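> Fold the following, please.
(2 chains)
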Amino acid sequence: MFKVLGDAGEQLVIELDGAEVMVPAGVSVAAALLYLDRIPTRHSVVNGLPRAPFCMMGVCFECLIEVNGVVDQRACQIQVHAGMRLRRQLTTTAESHL
Amino acid sequence: MKSSYQLLVIGAGPAGMAVAQTAARHGVEVAVIDEQAQPGGQIYRNVNASPLADIDLLGKDYVFGRQLVQGFEHAHIDYFANSGVWYLDRSGELGIVRDGVHHRVKAQRIVIACGAQERPMPFPGWDKAGVMTAGAGQILMKSAAMVPSEAPLLAGSGPLLLLLAWQYLRAGVTLRAIVDTAQSANRWSALRHFPQAIAASDYLFKGLKLVTAIRRARVPWFRGAHDLRAAGGERLTGLHFTCRGKPQHIETSLLLLHQGVIPSLQVAAAAGCESRWNALQQCWQPQVDDWGQSSVESIFIAGDAAGIGGARAAWLGGQLAGLQLAHQLGQIESTLRDSLAQPIRRARARHLAIRPFLDTWYRVADASLVPRDEALACRCEEVSAGEIRALAAMGCTGPNQAKAFTRCGMGPCQGRFCGSTVEQIFAQETAADPQQIGRFNTRPPLTPVTLGQLASVSH
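As a prediction, the model looks like this:
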């Protein structure tokens, strides 16, 4: 969905949904997901609607994702690190809603 | 981070950097906290640490930010990146989470310089995966050197939409089209502000430059578009809209939206700062005096967070706040404050001279502020515009009672992306002034904070 302008630059390996993938270093998790074209990044807890990063500045909370086992992290506010484990919050049913 | 400061500034955009630098120059002990990894705010994001090979791509107004950030980095300021405020009160106490650790800090004065956010642009399907804001497109360029890999569709109105189109064209990105929702009738009413706008003619020339370049690139430009509907299932597939009475459909996997920006009010509102409805800019803004002091004595608000004026006005407004703070904190006499402020006020007035013209030209149509029934007003809790309308018809007293009935505004974004839509629906349905309708109440936590972080409080 998005590509890096010019040289690809330094890349690093992270884990996404259990598989290893290469992403550019120094970018946010949300940018990495858009680079990998892995949207939707979650299904909403209310009606299971597909969602993806929207504002990229920490306001909309659409890009929530599981990072290293902790759910509901704002992907746009976290930088990628080598070995980071990401899991998209893809569920089609609303199991719980606090 | 120390447990107390004379002055604590929230936000390291142009306004926050200017407040901090000005106050520090006059001997005030200043800390600045900011959510981003680099100073500059969204407007000058990564300007001194750009992943782009050539930052001139983004235009000279962006490159201008370099000197501001350099000055800030060399000043005597305690600067904390990756830090967010989740709590603050009128006594000057703050709760700050920095790199996962919670800090309680006390400040004699607080400056809120949180900038602006995109105005919501709700229509059916605006929540689909593949619909993003124009600001998001810019942030991806500034912070990750990323551009769309397929031709994107741009929709809405406002200077940022044209700037993004221009920047994408310079980066070699083909644009599918611009679906322009600006109302042509606005131009006539904007004309009466033209003489004043000439004082800030550089803005007019910049606008002309953008429009000329976009025309030269022969980007399809659908003017007077309305009735937008995004199509798709798991992902966006295209946009339906009406233009000159004819139904149109454009296929795209990426749609970037913009219809202006509004002040980020969350922090100021939670602190109890009073705000008022700005009818021209169609948004709420905090009440501040000539120096930026809010209705709460200990709190100043600077830059776009106090009312939309753009980056340069924010930088100058931040300097004014810095001078008054240095005075109130006992560092400078009022005579020095006033003589230093005079040229800054003049320069700021020149930058603000363009606003009435721009705000009138790009005034958002009522139908674009308040969507059709089936569109989501609240994306987080998936409450439709129709549900809010039905509540208003039933006699629901306003946004805060609507929360109790529908949970609108109670999801993760805490009303940041539905507040203005919900208020507008109530205003239109009850034919009331937005000032009387009021806003969602805002309460801490302002950013997510875990119980573990709270328990590990560091002084």
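
> Show me the residue sitting in the middle of chain B in space.
The centre of chain B sits closest to B:Ala116, judged by CA atoms, centre = their mean, with a distance of 1.7 Å.

> tell me the pLDDT at B:Ile308?
Residue-level confidence at B:Ile308 comes out at 98, pLDDT.

> for it, what are its contacts?
B:Ala116, B:Gly260, B:Val261, B:Ile262, B:Pro263, B:Gln281, B:Cys283, B:Gln285, B:Arg355, B:Asp359 (CB atoms under 8 Å, 6 or more residues apart in numbering or on different chains). Yep, even glycine has a C-beta here, placed from its N, CA and C like the rest.

> okay but the fifth one is in contact with B:Asp304, surely?
Yes. Look at B:Pro263 against B:Asp304 with CB atoms under 8 Å: they come within range, at 5.9 Å.

> and residue 96, what pLDDT?
No chain specified, so I'll use chain A. Residue-level pLDDT assigned to A:Ser96 equals 41.

> that answer is for a different chain, and I need it for chain B
We have a pLDDT of 96 for B:Ile96.

> which SS state does it fall under?
The assignment at B:Ile96 comes out as strand when based on DSSP: H, G, I helix; E, B strand; the rest coil.

> and residue 24, how many residues sit next to it?
By default, I'm working from chain A. 20 (other CB atoms under 10 Å in any protein chain shown).

> was after chain B, sorry
B:Ala24 has 21 nearby residues by other CB under 10 Å.

> CA-only coordinates of the one helix or strand it maps to in PDB, if you can.
B:Ala24 is part of helix B:14-25, with elements assigned from DSSP states H and E. Output of helix B:14-25 as PDB, limited to C-alpha atoms (Å, rounded to 0.1, in the frame of the first residue of the first chain):
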ATOM      1  CA  PRO B  14       6.400  25.200  17.000                       C
ATOM      2  CA  ALA B  15       4.300  26.700  19.800                       C
ATOM      3  CA  GLY B  16       5.700  24.500  22.600                       C
ATOM      4  CA  MET B  17       9.300  24.900  21.300                       C
ATOM      5  CA  ALA B  18       8.900  28.700  21.200                       C
ATOM      6  CA  VAL B  19       7.400  29.000  24.700                       C
ATOM      7  CA  ALA B  20      10.200  26.900  26.200                       C
ATOM      8  CA  GLN B  21      13.000  28.700  24.400                       C
ATOM      9  CA  THR B  22      11.700  32.100  25.200                       C
ATOM     10  CA  ALA B  23      11.100  31.300  28.900                       C
ATOM     11  CA  ALA B  24      14.400  29.500  29.300                       C
ATOM     12  CA  ARG B  25      16.200  32.500  27.700                       C
END
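
> need the strands for chain A, in chain order.
Counting by DSSP state E, chain A has these strands, from start to end: A:2-4, A:11-16, A:19-24, A:42-43, A:50-51, A:64-67, A:70-74, A:85-87.

> Tabulate the ones you listed in TSV, adding columns for mean pLDDT.
Output for the strands of chain A, formatted as TSV (pLDDT from 0 to 100):
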stretch	mean pLDDT
strand A:2-4	97
strand A:11-16	98
strand A:19-24	98
strand A:42-43	97
strand A:50-51	98
strand A:64-67	98
strand A:70-74	96
strand A:85-87	98
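
> and those as a markdown table, adding distance to B:Leu210?
Output for the strands of chain A, formatted as a markdown table (distance: least, CB to CB, whole Å):
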| stretch | distance to B:Leu210 |
| --- | --- |
| strand A:2-4 | 22 |
| strand A:11-16 | 34 |
| strand A:19-24 | 29 |
| strand A:42-43 | 35 |
| strand A:50-51 | 31 |
| strand A:64-67 | 35 |
| strand A:70-74 | 31 |
| strand A:85-87 | 37 |
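
> Residues of the stretch 151-300 of chain B that sit close to chain A?
Taking CB under 8 Å from any CB of the partner chain as the test, the list of the stretch 151-300 of chain B residues beside chain A reads B:Ala171, B:Gly233, B:Glu234, B:Arg235, B:Ser253, B:Leu254, B:Ser264.

> hmm, back to that, could you list every helix and strand that whichever helix or strand comes after the helix holding B:Ala24 packs against?
Tracing the chain past helix B:14-25, the next element assigned as helix or strand by DSSP H and E is strand B:30-33. With contacts defined as 3 or more CB pairs under 8 Å, 6 or more residues apart in numbering or on different chains; DSSP states H and E, strand B:30-33 has these neighbours: strand B:4-10, helix B:14-25, strand B:78-80, strand B:83-88.

> Parallel or antiparallel, which strands does the third one pair with?
Strand partners for strand B:78-80, identified by DSSP bridges, are recorded as strand B:30-33 (parallel).

> Kindly report the same for the first one.
Here strand B:4-10 is paired, per DSSP bridges, with strand B:30-33 (parallel), strand B:101-112 (parallel).

> So the closest residue to B:Gln167 other than its chain neighbours versus A:Arg88, what's the distance?
Excluding the flanking residues, the one nearest B:Gln167 by CB to CB, 6 or more residues apart in numbering or on different chains is B:Leu58, at 5.6 Å. B:Leu58 sits 31 Å away from A:Arg88 when distances are taken as CB to CB, to the nearest Å.

> one step back: can you tell me which residues contact the residue nearest to the centre of chain B?
With contact set as CB under 8 Å, 6+ apart, B:Ala116 has these partners: B:Val261, B:Ile262, B:Pro263, B:Ser264, B:Asp304, B:Ala305, B:Ile308.

> same question, B:Phe357
Taking CB under 8 Å, 6+ apart as the contact definition, B:Phe357 lies against B:Ala190, B:His193, B:Phe194, B:Gln196, B:Ala197.

> could you flag which of those residues are buried?
By the neighbour-count criterion of 16 or more other CB atoms under 10 Å in any protein chain shown, the contacts of B:Phe357 include these buried positions: B:Ala190, B:His193, B:Ala197.

> My read is that the last one contacts B:His351, right?
Which is B:Ala197. No. Because the distance of 11.4 Å does not satisfy CB under 8 Å, B:Ala197 is recorded as not touching B:His351.

> and residue 21, how many neighbours?
Picking chain A for this. Using other CB under 10 Å, A:Val21 has 17 other residues around it.

> meant chain B, my bad for not saying
23.

> related to what we said a few turns ago, please identify which of B:Pro263 and B:Asp304 sits among more neighbours.
The residue with more neighbours, out of B:Pro263 and B:Asp304, is B:Asp304; 30 against 26, by other CB under 10 Å.

> Helices - which of the contacts of B:Phe357 land there?
Secondary structure defined by DSSP state H assigns B:Ala190, B:Phe194, B:Gln196, B:Ala197 of the contacts of B:Phe357 to helices.

> now, the most widely separated pair of those residues?
B:Ala190 and B:Gln196 (10.9 Å; CB to CB).

> Excluding residues flanking it in the chain, which one is nearest the residue in the stretch 151-300 of chain B that chain A sits nearest to?
Proximity of the stretch 151-300 of chain B to chain A (CB to the nearest CB) peaks at B:Glu234, 4.8 Å away. With CB to CB, 6+ apart as the measure, A:Pro50 is the residue that lies nearest to B:Glu234, at 4.8 Å, once sequence neighbours are left out.

> Show me what the helix holding B:Ala24 packs onto, helices and strands only.
For helix B:14-25, the packing partners by 3+ CB pairs under 8 Å, 6+ apart come out as strand B:4-10, strand B:30-33, helix B:65-74, helix B:311-328.

> orientation of the first one relative to helix B:14-25 in degrees?
This points to strand B:4-10. Between the axis of strand B:4-10 and that of helix B:14-25 there is an angle of 150 degrees, by axes from the mean of the first three to the mean of the last three CA atoms, to 10 degrees.
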